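>>> just to be clear, the model below is a prediction. Sequence and coordinates:
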Amino acid sequence: RSSLRFFFVVCPMLQASIPAARKKLRSSLTDKAFHTYTTQNKALSHGTYQMSDRLHLDQIKGTIDVGIITVRQDEFQAVLKYLNHSKWVSGGKNSYEFCEIPSIENPSRPTRVAACRCPEQGLAKAQTVTQNMLDDLDPPWILLVGIAGGFPDAEFSLGDVLIAPRVHDFSISAAIDDKQPEFDVRGGPMHRDVQALLAHLPAHLKRMNWAGSLSRLQESPPADISSEKYYGDEQWKDRVRRSLQHHFAASNTRKSIAWVAPNASSNTLVKSTKLAEQWKECARCAASVEMELAGCFEAVHRHGDATRLLAIRGISDIIGYQRAPGWTDYACKAAGAFTYALISSSILPLQPSTTPVIVDLLTASTAPNPFVAPAADTSVFNIPYQPLRERLIGRKDSFTSIENTFIKGRRAEVVFFGIGGLGKTQLAVDYAHVH
């Protein structure tokens, strides 16, 4: 087999003699082994296959802590910079780069990360890619990482990283003759765990070593705040001018900050100051604009309560200001640096609390717990094990439901429900014994 691989790569002219050798080889191999051999051989002939750099989705499914979604190529490259020795994961609805990021607090428990890229901009594509990630990996956290435009503001500016506790969805609008567009603003707040995390973010930044992460970035591009760089009406120009002077008057470069503020999302690339003013009238606290978060939010919202969505956006533009092109690259790298600092700090709760699942032993069906769970009981009960699995009749579906709930060791709560004598205790003890 080694000789055949050598011939495929080095001696293409000898390929005419290969079919006979392959036929002889196949007679000595099982069909599965021959399929594996031919697949590897074909890839080797193109110089594209390395076993150590590739995984199948089944090898990581159910084990991922954090999923990362980017859109632009420069956004993806900014994330890949921190995924050392990543491996390509195929076999899913998306392609992924898989990596384990060491934890500062717990080096023995690295964070397992899978990153992918949305092929196009827009809410629909972002929703599809997010839903694919949920179907493929079902991670407890999804981070949307990239760049966004910003409204002029005294709190933040170019190069800063904005993290959204809420999204305002402006994708539904009405165009009326001789009137301004009207918007049906949708969206909503992020998961309660995200809001709790962001409320405490100022205290977490030191734990994240955010300053150290920034020190490894290249210096930000200069900000030219001369009058010819502004556009819009005079009122908007003055607002932009005062904002940039506040941030860049002392120096035309500055260190980035991390700021928590709502995001406005739609399918529109917002460069119009008129449209920006209309949006601010509908969502006064909106700080950034982009084209994917509302789609991701919709997918996660439909999926249920088990996934947390966090949008991390570097500000590459200020609406009403013609900035230097270098700010795009800098904003991508700032967002990537913040993402790595957040993941490696162990601040993200990787084992979120879950809603208990009820297994009805009469129907073998599962459903979210409709009851309020009682306070935790610290008592421990030891139930003697009596091996009766071979005598449990009709419990295969129930056993499978439990295994699917606890897939790959993920934390969950299961309630066995049914009348007395159905075998609830025996099924629970039997599952604990087997696993």
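All right, it came through fine. Numbering: from 1, shown residues only.
>>> report pLDDT for L422.
L422 carries a pLDDT value of 78.
>>> that one and V434, how far apart?
Relative to V434, L422 is positioned 19 Å away (C-beta to C-beta, to the nearest Å). Any C-beta I mention is one placed from the backbone N, CA and C, and that applies to glycine too.
>>> of those two, who's got more company?
A direct count of neighbours by other C-beta atoms under 10 Å for L422 and V434 places L422 higher, at 17 against 11.
>>> so how far is N404 from that one?
From L422 over to N404 (counting by C-beta to C-beta), the distance is 20 Å.
>>> surely I142 touches N132?
No: using C-beta atoms under 8 Å as the test, I142 is too far from N132 to be in contact (11.3 Å).
>>> more neighbours: the two, which one.
More crowded of I142 and N132, by other C-beta under 10 Å: I142, with 24 against 17.
>>> got a list of what that one touches?
Contact analysis of I142 by C-beta atoms under 8 Å, 6 or more residues apart in numbering lists 66-69, 130, 133-134, 296, 300, 307-310.
>>> same question, S227
By C-beta under 8 Å, 6+ apart, S227 lies in contact with R241.
>>> now with 10 Å?
K237, R241 (C-beta atoms under 10 Å, 6 or more residues apart in numbering).
>>> and the helices in the protein?
2-10, 18-27, 31-45, 73-80, 123-136, 192-199, 201-207, 210-215, 234-248, 273-282, 293-303, 326-344, 396-405, 424-434 (DSSP state H).
>>> return the set of buried residues in the fifth one.
It refers to helix 123-136. Neighbour counts over helix 123-136 (16 or more other C-beta atoms under 10 Å) mark L123, K125, A126, Q127, T128, V129, T130, Q131, N132, M133, L134, D136 as buried.
>>> which of these lies closest to G212?
M133 (29.7 Å; C-beta to C-beta).
>>> the closest one contacts S95, correct?
No: the pair M133 / S95 is not scored as a contact, 11.0 Å apart, by C-beta atoms under 10 Å.
>>> what's the overlap in contacts for those two?
A114, A115, C116.
>>> re earlier: now for I142 and N132: what residues contact both?
I69, A299.
>>> rewinding a little: need the buried residues of helix 123-136 in CSV with distance to S103, can you?
Formatted as CSV, the buried residues of helix 123-136 follow (distance: C-beta to C-beta, whole Å):
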residue, distance to S103
L123, 34
K125, 32
A126, 29
Q127, 31
T128, 31
V129, 27
T130, 25
Q131, 29
N132, 27
M133, 22
L134, 24
D136, 24
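>>> looking at these, which is nearest A148?
Nearest member of the buried residues of helix 123-136 to A148, counting by C-beta to C-beta, is A126, at 13.1 Å.
>>> quick one, what contacts the closest one?
When contacts are counted by C-beta under 10 Å, 6+ apart, A126 is found next to 69, 71, 118, 120, 144, 265, 290-299.
>>> which of those residues are buried?
By 16+ other C-beta under 10 Å, these give 69, 71, 118, 144, 265, 290-299 as buried.
>>> residues near R284, how many?
Neighbours of R284 using other C-beta under 10 Å come to 8.
>>> next one: it from I347, what distance?
Distance, R284 to I347, using C-beta to C-beta: 29 Å.
>>> out of the buried ones among the contacts of A126, who's nearest K237?
Of all the buried ones among the contacts of A126, K237 sits closest to E290, with 23.3 Å by C-beta to C-beta.
>>> quick check: that closest one touching D169?
No: contact criterion C-beta under 10 Å: E290 and D169 do not qualify, at 11.5 Å.
>>> so what's the residue count around V145?
V145, neighbours per other C-beta under 10 Å, totals 25.
>>> my bad, should have said D233
12.
>>> just name the shakiest helix or strand of the protein by mean pLDDT.
Least confident helix or strand, the chain: helix 31-45 with a mean of 42, by mean pLDDT, DSSP states H and E.
>>> point out where the stretch 251-400 of the chain drops to low pLDDT.
The model of the stretch 251-400 of the chain has pLDDT under 70 over residues 351-394.
>>> which residue ranges of it form strands?
For the stretch 251-400 of the chain, applying DSSP state E, counting those that start in this stretch gives strands covering 258-260, 263-265, 288-290, 308-318, 357-360, 365-368.
>>> please work out which of the ones you listed is packed deepest.
Compared across these, strand 263-265 shows the largest average neighbour count, a mean of 29 (mean count of other C-beta atoms under 10 Å).
>>> between the two ends of stretch 134-152, how far is it?
35 Å (C-alpha to C-alpha, to the nearest Å).
>>> now swap in stretch 100-108 and tell me
End-to-end distance (C-alpha to C-alpha), stretch 100-108: 11 Å.
>>> pull out the buried residues from that stretch.
For stretch 100-108, by 16+ other C-beta under 10 Å, it's E100, I101, S103.
>>> contact partners for the residue lying closest to the first one once chain neighbours are set aside?
With C-beta to C-beta, 6 or more residues apart in numbering as the criterion, E100 has its nearest non-adjacent residue at 3.9 Å, and that residue is P110. With contacts defined as C-beta under 10 Å, 6+ apart, the neighbours of P110 are D65, C99, E100, I101, P102, S103, I343, S344, S346.
>>> could those residues go into CSV alongside distance to E219?
Output for the contacts of P110, formatted as CSV (distance: C-beta to C-beta, whole Å):
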residue, distance to E219
D65, 33
C99, 28
E100, 31
I101, 26
P102, 28
S103, 30
I343, 25
S344, 23
S346, 30
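>>> ok, which pair from the residues you listed is furthest apart?
Farthest pair in those, by C-beta to C-beta: C99 and S346, 16.0 Å.
>>> any idea how far F170 is from the residue nearest to Q121 when sequence neighbours are not counted?
Among residues not flanking Q121 along the chain, M291 sits closest, at 5.0 Å (C-beta to C-beta, 6+ apart). Separation of M291 from F170 (C-beta to C-beta): 10 Å.
>>> which residues do these two both contact?
S265, S266, N267, T268, V270.
>>> what number of residues lie near Q59?
If you count neighbours by other C-beta under 10 Å, Q59 ends up with 12.
>>> go on, the one 4 residues further on?
Other residues near T63 come to 15 when the count uses other C-beta under 10 Å.
>>> what's the answer for K229, then?
Using other C-beta under 10 Å, K229 is surrounded by 18 other residues.
>>> isn't it up against N252?
No: using C-beta under 10 Å, K229 is not in contact with N252, being 11.9 Å away.
>>> find residues that contact each of these two.
Joint contacts of K229 and N252 (C-beta under 10 Å, 6+ apart) are A223, L244.
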